[in-house]
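Novice: generate coordinates for the sequence data below:
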Amino acid sequence: QVQLVESGGGLVQPGGTLRLSCVASGSIVSLDLMGWARQVPGPGKRRELIAQISKNGRTTYVDSVKGRFTVSRDNDKNTVYLQMNSLKPEDTAVYYCNAGDYRDFANGLDHWGKGTQVTVSS
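Specialist: Predicted structure coming up:
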């Protein structure tokens, strides 16, 4: 079992910055992919994967965060980060850490953290 624990959320003004961190622990075989998803509260709102990074540093982003958010990782520390710049009110959401090896993702068994709230408001 892999545990993911996020930290770094909070309240920030529009245009501000936040850095999220997520540490993985437990029965880690390989964290081929690590990343972040977010979910806005409300009916019909789905969790959206917004940034992902492979073990060799290849990154992907959803269009809405490209150029503003940067995902990075420290393989020695089993940690993934999300640097969020130029934050907008529409970035307000619960942010979840996501990780696993390629088999986990193929089988729908990838791991999730419990989430951290990010609120962008003046």
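Novice: which residues in this protein form helices?
Specialist: Taking DSSP state H as the criterion, the chain carries its helices at 102-106.
Novice: please, where are all the strands along it?
Specialist: Applying DSSP state E to the chain gives strands spanning 2-7, 10-12, 18-26, 33-39, 48-54, 59-61, 69-74, 79-84, 93-100, 111-112, 116-120.
Novice: and these as TSV, adding mean pLDDT?
Specialist: Converted to TSV, the strands of the chain look like this (pLDDT from 0 to 100):
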stretch	mean pLDDT
strand 2-7	96
strand 10-12	98
strand 18-26	96
strand 33-39	97
strand 48-54	97
strand 59-61	98
strand 69-74	98
strand 79-84	98
strand 93-100	96
strand 111-112	96
strand 116-120	97
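Novice: save the ones you listed as a markdown table, and put in mean neighbour count too.
Specialist: Yep, even glycine has a C-beta here, placed from its N, CA and C like the rest. Listed next are the strands of the chain as a markdown table, based on neighbours: other C-beta atoms under 10 Å:
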| stretch | mean neighbour count |
| --- | --- |
| strand 2-7 | 18 |
| strand 10-12 | 14 |
| strand 18-26 | 17 |
| strand 33-39 | 22 |
| strand 48-54 | 20 |
| strand 59-61 | 16 |
| strand 69-74 | 18 |
| strand 79-84 | 22 |
| strand 93-100 | 23 |
| strand 111-112 | 18 |
| strand 116-120 | 18 |
